[in-house]
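*Asks:* kindly generate the corresponding structure for this input.
(one chain, ligands or ions: 2)
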Amino acid sequence: MAISIQSVATTPFEGQKPGTSGLRKRVKIFQQRHYTENFIQAILDAIPQSEGGAKGATLIVGGDGRYYLDEVLQIIVKISAAAGVSKLVVGRNGILSTPAASHLIRQRKATGGILLTASHNPGGPDNDFGIKYNMSNGGPSPENVTNHIYEITTTIKEYKIADVPKVDFSQLGTQQAGDLTIEVIDEVADYIDMLKTIFDFDAIKSFFKDNKNYKVLFDGMNGVTGPYGYRLFVEELGLPESSVMRFKPLPDFGGAHPDPNLTYAHDLVERVNNEGYDFGAASDGDGDRNMIIGGNHAFVTPSDSVAIIAHYAKEAIPYFKKNGVHGLARSMPTSLALDRVAEKQGLEYFEVPTGWKFFGNLMDAKRCSICGEESFGTGSDHIREKDGVWAIMAWISIIAFVNKQTPGSSVQDILQKHYKIYGRNFFSRYDYEDVEGSGADDMVSRLNEKINSGEWVGQVFGGFKVKTTDNFSYNDPIDGSISKNQGIRIIFEDTSRIVIRLSGTGSQGATVRLYVEKYSNNPAEYANATQDALKPLIDVALELSQLEKFTGRKEPTVIT
Ligand code: VG1
Ligand code: CO
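*Replies:* Ligands and ions are numbered 1, 2, ... in the order given. The predicted structure is shown next:
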């Protein structure tokens, strides 16, 4: 079918540089005339020839259902048709969780995918939208590709759109827009089928059958995982409907902040503690993050979570029984708990910069099977994104496995058992959101000076002796690329650490992240409260960084 293609003259917009995970800006910014079109055109033009380029490509498209999704979908259709893309595979109503999109790219052997999400950032007309490109391995594009996208946006003079009618994404099936085929699919089905190949659904069902009083509560936080959680917990595993809450995706997430942590998933935490639930879990706006809690105020830090999953993987999860565990990896600020599991199991392990894109090469090279970030991200080489629902299923599998051996084991029991074997890495992150950018930059410049001069090395602060200081740099062992300035590290003799870095996912102002970690192998301390255990180190961090002086903030916005 012949369609008319129009060239539209445009000029570059400033700041279309993808951050830790794609371009995230206020909706109002994306709504500016040509803004979204420029960026989509840049993405298509930047698809590497080694990946096949845009012409003839098959792209997976979907997002977390946030406000402005519908308009962006139509823009993608028009620009794709003009660029000679051959097929778009889109979730119904444009809905696809980030892990489901990653899975589909791999399953369909697609060229790549365009993910429409700003993850845990709030949605709605006055909040955020986001666009990210994933490669044929299903993972976020690496820095050479995001840099290329950015370069194109700085010189763009025109974009091309095809004159095609509006596509209806609520209808399953195939439609044509000129030569472009658009296939709208059930957004949940393939993902649930994938989970069935990873986990032992029968073992989990029989655990729930044998423990009728075991109560589970899943919180979709009004984000994309609601339909996935409902289908999984209620329809597949047969749990009562009271096991899921906030499971309908809303364009503004009901005004909530869809970030699964103790602050923003407060409703879940309250209900689990007050209504006698044994297990609670939440996922973020786009479904790649997870939070795991147990009854009686048990909280599993994401750093512990990935270590515990790695510890039990081969026993409790069929996927790892079958494929083995090749190696482990964590992002730099994530606690060293995972390293201890790797050492004990004789596995190779890696420390990469913040952001899931750094795990992909290791996984593709079969050197990493399980990985995680302290920011509620946990995952494995089944896809190339972190996967919230997967992590929740991993935990339920572990609970079922441990209870088979020791009936009545709670989440807290599993934590304490782990600390008895490995010791405990107390870990906490302080976020100072939306601080004034120049103050944050000045703070980091001063820290860099201190580190370059080496003046803190050998000194003792609050009883902690500094062993090394640096600004983390990563040399990718697979492709040799080097990523510098990934965060200030102050490492002490006893392996305690302070890490400071600026967020790369915010849409305005700066967010300072301060991470502190302290190891204990004294069993008398394992049940201590995290904040009490870390207080002396946090004081050192605030003193060394002079955070209050530079940012004017006395208290963080979020503590996890
Ligand atoms: C944050 C987290 C990082 C995570 C990233 C994307 O980045 O710290 O660990 O990979 O968000 O997660 P930053 O640069 O703001 O610290 V998601 O669920 O927002 O895609
Ligand atoms: Co997310």
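*Asks:* all helices for the stretch 1-150 of the chain, in order.
*Replies:* With DSSP state H, counting those that start in this stretch as the criterion, the stretch 1-150 of the chain has helices at 27-30, 35-46, 69-83, 98-107, 143-155.
*Asks:* let me have the ones you listed in CSV, adding mean pLDDT and mean neighbour count as columns.
*Replies:* All C-beta atoms are positioned from the backbone trio N, CA, C, and that covers glycine. CSV is the format used below for the helices of the stretch 1-150 of the chain (pLDDT from 0 to 100; neighbours: other CB atoms under 10 Å):
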stretch, mean pLDDT, mean neighbour count
helix 27-30, 97, 18
helix 35-46, 98, 23
helix 69-83, 97, 22
helix 98-107, 98, 27
helix 143-155, 95, 17
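*Asks:* among those helices, which is nearest K386?
*Replies:* With respect to K386, and counting by CB to CB, the nearest of the helices of the stretch 1-150 of the chain is helix 98-107 at 7.2 Å.
*Asks:* downstream of the strand or helix carrying I421, the next helix or strand is which one?
*Replies:* When elements are assigned from DSSP states H and E, I421 belongs to helix 411-422. Going down the chain from helix 411-422, the next helix or strand is strand 424-435, by DSSP H and E.
*Asks:* got the residues of the stretch 101-250 of the chain near ligand 1?
*Replies:* Within the stretch 101-250 of the chain, the positions adjacent to ligand 1 are S119, H120 by CB under 6 Å from any ligand atom.
*Asks:* any idea which residue of the stretch 101-250 of the chain lies closest to ligand 1?
*Replies:* Residue of the stretch 101-250 of the chain nearest ligand 1, by CB to the nearest ligand atom: S119 (3.0 Å).
*Asks:* what's the nearest residue to that residue if we skip its chain neighbours?
*Replies:* Leaving aside its sequence neighbours, S119 sits nearest to D286 (CB to CB, 6 or more residues apart in numbering; 4.9 Å).
*Asks:* where does pLDDT dip in this protein?
*Replies:* Counting by pLDDT under 70, the chain has low-confidence residues at 1-2.
*Asks:* which positions in it make contact with ligand 2?
*Replies:* Residues of the chain lying close to ligand 2 by CB under 5 Å from the ion are S119, D284, D286, D288, R289.
*Asks:* can you list these in a markdown table and add distance to N323 and neighbour count?
*Replies:* Below are the residues of the chain next to ligand 2 laid out as a markdown table (distance: CB to CB, whole Å; neighbours: other CB atoms under 10 Å):
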| residue | distance to N323 | neighbour count |
| --- | --- | --- |
| S119 | 28 | 26 |
| D284 | 27 | 34 |
| D286 | 26 | 33 |
| D288 | 21 | 34 |
| R289 | 24 | 29 |
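*Asks:* so can I have TSV of these showing secondary structure?
*Replies:* TSV is the format used below for the residues of the chain next to ligand 2 (DSSP: H, G, I helix; E, B strand; the rest coil):
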residue	secondary structure
S119	coil
D284	coil
D286	coil
D288	coil
R289	strand
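*Asks:* of the residues you listed, which is the nearest to S80?
*Replies:* Distances from S80 to the residues of the chain next to ligand 2, taken by CB to CB, are shortest for D286, at 21.3 Å.
*Asks:* about what we covered before: make a markdown table from the helices of the stretch 1-150 of the chain and add distance to I482 to it.
*Replies:* Converted to a markdown table, the helices of the stretch 1-150 of the chain look like this (distance: least, CB to CB, whole Å):
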| stretch | distance to I482 |
| --- | --- |
| helix 27-30 | 31 |
| helix 35-46 | 21 |
| helix 69-83 | 32 |
| helix 98-107 | 26 |
| helix 143-155 | 10 |
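*Asks:* give me the distance between the residue in the stretch 51-200 of the chain positioned nearest to ligand 2 and R513.
*Replies:* The stretch 51-200 of the chain approaches ligand 2 most closely through S119 (3.2 Å), counting by CB to the ion. In this view, S119 and R513 are 15 Å apart by CB to CB, to the nearest Å.
*Asks:* go on, T146?
*Replies:* As judged by CB to CB, T146 and R513 stand 21 Å apart.
*Asks:* what is the end-to-end distance of stretch 518-528?
*Replies:* From its first residue to its last, stretch 518-528 covers 12 Å (CA to CA, to the nearest Å).
*Asks:* so T468 sits in a strand?
*Replies:* Yes: counting by three-state DSSP, T468 is part of a strand.
*Asks:* to what extent is G295 buried, counted in neighbours?
*Replies:* Residues near G295, counting by other CB atoms under 10 Å, number 18.
*Asks:* and it, backbone torsions?
*Replies:* The phi/psi pair for G295 (degrees, to the nearest 10) reads phi -60, psi 170.
*Asks:* please look at it and G276 and confirm they touch.
*Replies:* Yes: applying CB atoms under 8 Å, one finds G295 in contact with G276, separated by 6.9 Å.
*Asks:* what sits against G223?
*Replies:* Applying CB atoms under 8 Å, 6 or more residues apart in numbering to G223 gives the contacts D64, G65, P249, F253, P258, S283, D284, G285, D286, G287.
*Asks:* got phi/psi on it?
*Replies:* Per-residue torsions, G223: phi -100, psi -160 (degrees, to the nearest 10).
*Asks:* for A281, see how far away it is.
*Replies:* To A281, G223 is 13 Å away according to CB to CB.
*Asks:* please apply the same query to I308.
*Replies:* Going from I308 to A281 by CB to CB gives 14 Å.
*Asks:* same question, D200
*Replies:* For D200, the distance to A281 - CB to CB - is 18 Å.
*Asks:* neighbours of the closest residue to A316 other than its chain neighbours, how many?
*Replies:* Using CB to CB, 6+ apart and skipping the chain neighbours, the partner closest in space to A316 is F401 (3.8 Å). The number of residues packed around F401, counting by other CB under 10 Å, is 19.
*Asks:* again with D364
*Replies:* Counted with other CB under 10 Å, residues neighbouring D364 total 17.
*Asks:* surely it touches S136?
*Replies:* No: look at D364 against S136 with CB under 8 Å: they stay out of range, at 10.3 Å.
*Asks:* how close does I370 get to S380?
*Replies:* According to CB to CB, I370 stands 5 Å off from S380.
*Asks:* residues contacting V466?
*Replies:* V466 makes contact with W456, V457, G458, Q459, V460, I490, I491, F492, E493, according to CB under 8 Å, 6+ apart.
*Asks:* and the residue lying closest to it once chain neighbours are set aside, helix, strand or coil?
*Replies:* Of all residues not flanking V466 in the chain, W456 sits nearest, at 4.8 Å (CB to CB, 6+ apart). Following three-state DSSP, W456 is assigned to coil.
*Asks:* am I right that W456 is in contact with F492?
*Replies:* No: checked against CB under 8 Å, the pair W456 and F492 is beyond contact range at 10.2 Å.
*Asks:* tell me which of these two has more neighbours.
*Replies:* Between W456 and F492, counting by other CB under 10 Å, F492 is the more crowded of the two (21 against 16).
*Asks:* for T530, list the residues it contacts.
*Replies:* Counting by CB under 8 Å, 6+ apart, T530 makes contact with T301, F426, F427, S428.
*Asks:* quick check: the last one touching V516?
*Replies:* Right, the one you point to is S428. Yes: taking CB under 8 Å as the definition, S428 is a contact partner of V516 at 5.6 Å.
*Asks:* got the end-to-end distance for stretch 520-537?
*Replies:* End-to-end distance for stretch 520-537, by CA to CA: 13 Å.
*Asks:* buried ones in it, by neighbour count?
*Replies:* Residues of stretch 520-537 classed as buried: S520, Y526, T530, A533, L534, L537 (neighbour count, 16 or more other CB atoms under 10 Å).
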